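In: Okay, predicted coordinates and the sequence, questions at the end:
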Amino acid sequence: MASKKNLKKDINFLIDEVIGTCMIRQTLQDEKVQEEMDNLIKEMLEYREEMLNKVNNPAIENGDGKALKKYYKSLYSELLEKVNEVFNKLDVDME
């Protein structure tokens, strides 16, 4: 991760991929799955807002560059873990 700008782009891209997958599943599955996907989409939209707020308002003072870099790396790791968890859940549900 080279910058806040790239982190924000990655957040938007990955969350959009999850939402797109949920929308595809909504059109292909029954009504029960559609409701689950609606809830997951809402959850992911809230998660996107939460992550963007964390990027825009870091818990670290701007003066400490190394700590700030570590903070953004931890946010990136958190994002990847969450997206991976959701995709794994979607894969299991498809079986």
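Out: Structure's in. What do you need?
In: Which residue, other than its chain neighbours, is closest to the residue nearest the centre of the chain?
Out: A centroid search over the chain (C-alpha atoms, centre = their mean) returns I15, at 4.4 Å, as the residue closest to the centre. Leaving aside its chain neighbours, I15 sits nearest to R48 (4.5 Å; criterion: C-beta to C-beta, 6 or more residues apart in numbering). The way it works is simple: take the backbone N, C-alpha and C, and place the C-beta from them, glycine included.
In: give me every residue that touches the one you found.
Out: 11-12, 15 (C-beta atoms under 8 Å, 6 or more residues apart in numbering).
In: Just the ones in strands from the residues you listed, please.
Out: Here DSSP state E is the test, and the contacts of R48 give no hits in strands at all.
In: Now intersect those with the helices, please.
Out: 11-12, 15 (DSSP state H).
In: Go through those and name the one nearest K70.
Out: I11 (17.8 Å; C-beta to C-beta).
In: doesn't C22 make contact with L90?
Out: Yes: the pair L90 / C22 is scored as a contact, 7.4 Å apart, by C-beta atoms under 8 Å.
In: Tell me which of those two has more neighbours.
Out: C22 (22 against 17; other C-beta atoms under 10 Å).
In: Buried residues of the worst-scoring helix or strand of the chain on mean pLDDT, list them for me.
Out: Counting by mean pLDDT, DSSP states H and E, the weakest-scoring helix or strand in the chain turns out to be helix 65-94, with a mean of 89. Neighbour counts over helix 65-94 (16 or more other C-beta atoms under 10 Å) mark 68, 71-72, 75-76, 79, 82-83, 86, 90 as buried.
In: Redo the residues you listed as CSV? Include distance to L28.
Out: Formatted as CSV, the buried residues of helix 65-94 follow (distance: C-beta to C-beta, whole Å):
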residue, distance to L28
L68, 43
Y71, 39
Y72, 37
L75, 33
Y76, 31
L79, 27
K82, 24
V83, 21
V86, 18
L90, 12
